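Asks: let me see the structure of the following:
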Amino acid sequence: MGGRTFLLVAAIGFLFALTFSYEVFVSSYVFAIVESPRELAYAYELLPSSNIGPIFPSHPTNDLPVYFANPPNACSRLNNFWVHPPPYFALLVKRGGCTFVEKAIQAEKAGAVLMIATDVDDDRWQNGHIDMLGDETERHPDIWAAFLVGASGQKWINYFEANPGKSIRITAPINHTFYDLERHRTPPAPWEILHFESD
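Replies: From the prediction side, this is the model:
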């Protein structure tokens, strides 16, 4: 009986550990809700970096403008589109050319409070997220960083290229815990494969 009890307890502990690990993994995703333009007005899943920048705040920022980085890969000094920069904004950057840390540093130097990276060239990331890692320089940007799947990143880029200098307005971050897929007024982007399902 003692051996059976031990095995039962061990099995329960293993299942609990699996459940806990899954919950931690799932809860790491957040939503960014596009308020405008209307054609992009969906909820988008972001994966915050666990190694670059500070922890995401528990309360969202409303009406946060997102601009497309120039140059898009953000591996060098960024050129701004405005004469008078907004008090806070985010930058969408393309993966490649340099580390995510370098991109975040360049975005921070440009005045951004959030860097959203995306990969539109590699099919693996059309509906997959990259957990962006630090680099060997041990530099630590002071802005938030998150990854957007390539399928959504391409749609955002298409908008930026058709509307130079315009921004996409988002509310972010919204934790999955506080977002109800059934009742929320903004539906998730239909082309994304979500990593969270509502009960």
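
Asks: just the helices in this protein please.
Replies: Taking DSSP state H as the test, the helices found in the chain are 2-27, 100-109, 150-162.

Asks: grab the nearest non-local neighbour of residue 96.
Replies: Of all residues not flanking residue 96 in the chain, residue 73 sits nearest, at 5.5 Å (C-beta to C-beta, 6 or more residues apart in numbering). C-beta coordinates here come from the backbone N, C-alpha and C atoms, glycine included.

Asks: ok, residue 111 next?
Replies: residue 85 (5.4 Å).

Asks: so how many other residues sit close to that neighbour?
Replies: Number of residues near residue 85 (other C-beta atoms under 10 Å) recorded here: 13.

Asks: next one: it from residue 109, what distance?
Replies: Distance, residue 85 to residue 109, using C-beta to C-beta, to the nearest Å: 12 Å.

Asks: and residue 98, by the same measure?
Replies: Separation of residue 98 from residue 109 (C-beta to C-beta) stands at 14 Å.

Asks: between those two, who's got more neighbours?
Replies: Set residue 98 next to residue 109 and count neighbours by other C-beta under 10 Å: residue 98 wins out with 16 against 13.

Asks: could you list every residue that touches the more buried one?
Replies: When contacts are counted by C-beta atoms under 8 Å, 6 or more residues apart in numbering, residue 98 touches 73, 74, 75.

Asks: mind putting those residues into CSV with neighbour count, pLDDT and distance to residue 162?
Replies: Listed next are those as CSV, based on neighbours: other C-beta atoms under 10 Å; pLDDT from 0 to 100; distance: C-beta to C-beta, whole Å:
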residue, neighbour count, pLDDT, distance to residue 162
73, 16, 97, 20
74, 28, 97, 21
75, 17, 97, 24
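
Asks: ok, residue 62 touching residue 174?
Replies: No - using C-beta atoms under 8 Å, residue 62 makes no contact with residue 174, being 10.5 Å away.

Asks: with neighbour numbers in mind, choose between those two.
Replies: Neighbour count, other C-beta under 10 Å: between residue 62 and residue 174, residue 174 has more, with 19 against 11.

Asks: quick one: the closest residue to the more buried one other than its chain neighbours from residue 156, how far?
Replies: Of all residues not flanking residue 174 in the chain, residue 31 sits nearest, at 4.3 Å (C-beta to C-beta, 6+ apart). Counting by C-beta to C-beta, the gap from residue 31 to residue 156 is 15 Å.
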